[in-house]
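**Student:** Please work out how this folds:
(chains A and B)
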Amino acid sequence: MSKALPSLKAPPNTRLWRYGGWSLLYSPRALVVGTVLAMLMVVTAALVLTLGKMDIGPGHVLAVLLGKGDGGLHDHIILNIRLPRVLTALFVGVALGISGAVFQSVSRNALGSPDVIGFTTGAATGALAQIILSGPDPLCIAMAAVVGGVLTAVAVYALARQGGVVGSYRLILTGIGVGAVLTALNGLMLVRGDLDDAVMANLWLAGSLHARTWDHVWPVMIGTALLVPVVLAGASALRMIEMGDDIASQLGIRVERVRLTMIFAAVVLAALAVGAAGPIAFVALAAPQLAARLCRGTGLPVLSAGLMGSVLLLAADLLTQSLPLAVSVPIGRMTGIVGGIYLIWLLTRSRQL
Amino acid sequence: MTALEAPDVAAPARLQAQGLSLGYGQHIICRDLSVRIPDGRFTAIVGPNGCGKSTLLRSLCRLMPPLAGRVCLDGKDIHRLPTRQLARQLGLLPQSSQAPPGITVVDLVARGRYPHQGLFRQWSDEDATAVSQAMAATGVTELSEQEVDQLSGGQRQRVWVAMVLAQQTPLLLLDEPTTFLDIAHQIDLLELFRALNRVADHTLVAVLHDLNQACRYADHLIVMANGGIVAEGDPATLMTVELVSEVFALDCVIIEDPVSHTPLMIPRGRSAQTQSTGGPLVSLEHPTLRGRQHAEK
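**Tutor:** Just a heads-up that it's a prediction; the model follows:
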């Protein structure tokens, strides 16, 4: 190799920012994608705030948000009806997007999202049990969903574990199996439960942003705020684990500990999302894939996946509310239709699944 | 087994294992095994399939916790060292790794810098130098912008070696690094390892399948069988017909490699074995080989 060494100030497609002994690598492309997604998120959120039976203009909405409302009916509608709905959509989207990014990395598979590997179903089982056994209190549903999700994750993890190692295919297949059992259990609960509860539970199972209150917003908002830093801190180690457990652990990573922490964080995120809005399909599957394609990096697109998730969910909400349909489509069904088409597209053109 | 008391025992060895028992659950592979990895040497671990070569190598770099005994680096138990600190001293090229889809060569090699980096120290001049040097040493500089998925098997293995080199560890463990490569790439890679050992002064330990390659490129041989070490030392004196027969249950002749002047093991094979009571061996009838036999005498 007589060729001169290329100057490697920073790896290709990244920029280096230095201050004293500190250095930070970032990808300009990911920065642009993140900024655009954040702006889109704010714009769609603002648009959704202006939608509804009562016509409230953007200027009025802004005034109310800034606390300059007249204290009348419009204030109430925006602050207690529309804002909780929008914030639920926003944080559920972020939680699902990040959860999906983590699971797809852990399972090294684009299909390894929490809805495919049964964790969302497990969270739904917890929430359904809560609705049918003691009633639809949002905080209790959120807690029951987290308990259901975590228990499912423990079961899947224990079943997939072999000789102290969790293989990615085993994780996905075991998850699908456990998910199938839980889907049947969910159906059974609907049939055995009281009719009113069953109707309520069935509505909830469709995934909905209707009638969200601040009690729906708080758990998913606080949970996301607490767990995103955890995921961000583990992201680079998780990225290394994608190369294989041996190579990651020889690089100085405590593979099993990182993986468990990240799975736990992702399960709780997905469960909080389910608790707040019901099982919303495909956002966790599609958001990280779309974000990764836009960023074109090989890193774990945590933030952009989260932003993408919230943009997808808010856009779906915008669509369901503004479509001239006689019935309002539950958001979970809408993401299901759009996400299903996306999944088929992904399966037909991807060379590696 | 005189070789065990070879003078090497006095040689400095940063990496040592004492009284190791290794296995999975009830299945014990190695029992009460002690080994020293001599500094600055290219050590090859050889032995029949299932003798515990890879298991020993994995335990030496903490991938496999011992059931009993301990592995020490500079006298400290490696299971008690901080993981990143160990990863700056001891590198491993595992048998199989997966390149993330779409990753370029330089990005993959740069990942070898992980143990030298931190959340707020993500890239330094040393990182840049180490990555460039590792790519140059393995001859992949020209491929740096290419995607790893698109490379041939031999090139890909070089990229993985470059990644572990970028880690800049004084000790480097290689788990069957030449498996699945064609003979030309095997030789390329072994020459590279020898250069790393002699020029860059890395202490190397490789699990190798081919006895003759091990004798040719390594300067310290550890021969294993049934989970224990049968012999160790300089390949030139260690390799005997008796040892091969004891370890591999294989009848052979050992001649001098006409190129490298290291021991060259020629198996007689099962069919030759049945005829071996009689006249001269068929394989030795070959003119060049016969020439060497005469030259030796």
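
**Student:** Contact partners for residue 156?
**Tutor:** The chain I'm using is chain A. A:117-119, A:171, A:174-175, A:178 (C-beta atoms under 8 Å, 6 or more residues apart in numbering or on different chains). All C-beta spots, glycine's among them, are computed from the backbone N, C-alpha and C.

**Student:** nope, chain B
**Tutor:** Per C-beta under 8 Å, 6+ apart, neighbours of B:Arg156: B:99, B:148.

**Student:** element containing it?
**Tutor:** Using DSSP states H and E, B:Arg156 maps to helix B:153-166.

**Student:** So among the contacts of A:Val156, which ones count as buried?
**Tutor:** A:117-119, A:171, A:174-175, A:178 (16 or more other C-beta atoms under 10 Å in any protein chain shown).

**Student:** for the helix holding B:Arg156, which positions count as buried?
**Tutor:** In helix B:153-166, counting by 16+ other C-beta under 10 Å, buried: B:154-166.

**Student:** and it, what's its mean pLDDT?
**Tutor:** For helix B:153-166, the mean pLDDT works out to 94.

**Student:** Mind giving me the packing neighbours of whichever helix or strand comes after that helix?
**Tutor:** Following helix B:153-166 in sequence order, the next helix or strand is strand B:171-175 (DSSP H and E). In terms of contacts (3 or more C-beta pairs under 8 Å, 6 or more residues apart in numbering or on different chains; DSSP states H and E), strand B:171-175 is packed against helix B:53-60, strand B:90-93, strand B:203-207.

**Student:** ok, of the contacts of A:Val156, which one's closest to A:Ser134?
**Tutor:** A:Phe119 (23.0 Å; C-beta to C-beta).

**Student:** Just to check, the closest one is in contact with A:Gly175?
**Tutor:** Yes: using C-beta atoms under 8 Å, A:Phe119 makes contact with A:Gly175 at a distance of 7.1 Å.

**Student:** in chain A, which spans are helices?
**Tutor:** Secondary structure of chain A, counting by DSSP state H: helices at A:28-50, A:58-65, A:73-76, A:83-106, A:119-134, A:138-160, A:168-192, A:195-205, A:214-241, A:245-250, A:255-277, A:283-295, A:302-322, A:331-349.

**Student:** Any idea how many residues pack against residue 191?
**Tutor:** As the question left the chain open, I've gone with chain A. Neighbourhood size, A:Val191 [other C-beta atoms under 10 Å in any protein chain shown]: 8.

**Student:** my bad, the chain I had in mind was chain B
**Tutor:** Applying other C-beta under 10 Å, I find that B:Glu191 has 11 neighbouring residues.

**Student:** got it, and B:Leu60?
**Tutor:** With other C-beta under 10 Å as criterion, B:Leu60 counts 24.

**Student:** What segments of the stretch 151-297 of chain B are helices?
**Tutor:** B:153-166, B:183-198, B:211-217, B:235-238, B:241-248, B:269-275, B:287-296 (DSSP state H, counting those that start in this stretch).

**Student:** Which residues does the shortest one contact?
**Tutor:** Defining contact as C-beta under 8 Å, 6+ apart, one finds that helix B:235-238 is touched by B:3, B:44, B:214-215, B:218-221, B:223, B:231-232, B:262-263.

**Student:** pretty sure A:Gly306 is touching A:Val92, no?
**Tutor:** No: A:Gly306 sits out of contact with A:Val92 when judged by C-beta under 8 Å, with a separation of 10.8 Å.

**Student:** between the two, which one's more packed in?
**Tutor:** A:Val92 (34 against 31).

**Student:** Pull the contacting residues for that one.
**Tutor:** A:220, A:273, A:276-277, A:280, A:283, A:309-310, A:313.

**Student:** swap in A:Val102?
**Tutor:** Counted by C-beta under 8 Å, 6+ apart, A:Val102 has contacts A:231, A:238, A:262-263, A:265-266, A:300, A:302.

**Student:** repeat that for 7 Å
**Tutor:** A:231, A:238, A:262, A:265-266 (C-beta atoms under 7 Å, 6 or more residues apart in numbering or on different chains).

**Student:** Looking at these, which is nearest chain B?
**Tutor:** Nearest to chain B, judged by C-beta to the nearest C-beta, of the contacts of A:Val102 is A:Leu238 at 11.3 Å.

**Student:** ok, back up a step: looking at the helices of chain A, which one is packed in the most?
**Tutor:** helix A:83-106 (a mean of 29; mean count of other C-beta atoms under 10 Å in any protein chain shown).

**Student:** Show the low-confidence segments of the chain, by residue range.
**Tutor:** You didn't pick a chain, so chain A it is. The model of chain A has pLDDT under 70 over residues A:1-8, A:163-166, A:325-328, A:346, A:350-353.

**Student:** oops, I was thinking of chain B
**Tutor:** B:1-10, B:270-297.

**Student:** Kindly report the residues of it close to chain A.
**Tutor:** B:24, B:61, B:63, B:83-84, B:86-87, B:91-92, B:94, B:96-104, B:106-107, B:110-111, B:114-115, B:120-124, B:128, B:131-132, B:136, B:139, B:141-142, B:144-145 (C-beta under 7 Å from any C-beta of the partner chain).

**Student:** and those, which are buried?
**Tutor:** B:61, B:63, B:83-84, B:86-87, B:91-92, B:94, B:97, B:99-101, B:103-104, B:106-107, B:110-111, B:114-115, B:122-124, B:128, B:131-132, B:136, B:141, B:144.

**Student:** Looking at these, which are in helices?
**Tutor:** B:83-84, B:86-87, B:106-107, B:110, B:128, B:131-132, B:136.

**Student:** May I have the residues that are in contact with A:Leu251?
**Tutor:** A:Leu251 touches A:240, B:87, B:114-115, counting by C-beta under 7 Å, 6+ apart.

**Student:** Enumerate every residue touching the spatially closest residue to it that is not a sequence neighbour.
**Tutor:** Spatial nearest neighbour of A:Leu251, excluding adjacent residues (C-beta to C-beta, 6 or more residues apart in numbering or on different chains): B:Tyr114 at 4.6 Å. Contact analysis of B:Tyr114 by C-beta under 7 Å, 6+ apart lists A:240, A:251-252.

**Student:** If we use 8 Å, what do you get?
**Tutor:** Per C-beta under 8 Å, 6+ apart, neighbours of B:Tyr114: A:236, A:240, A:251-253, B:87, B:167.

**Student:** Same question for A:Arg85.
**Tutor:** A:48, A:209-210, A:212, A:317.

**Student:** Kindly report the same for B:Gly25.
**Tutor:** Applying C-beta under 8 Å, 6+ apart to B:Gly25 gives no contacts.

**Student:** and it, how far is that from A:Gln162?
**Tutor:** 12 Å (C-beta to C-beta, to the nearest Å).
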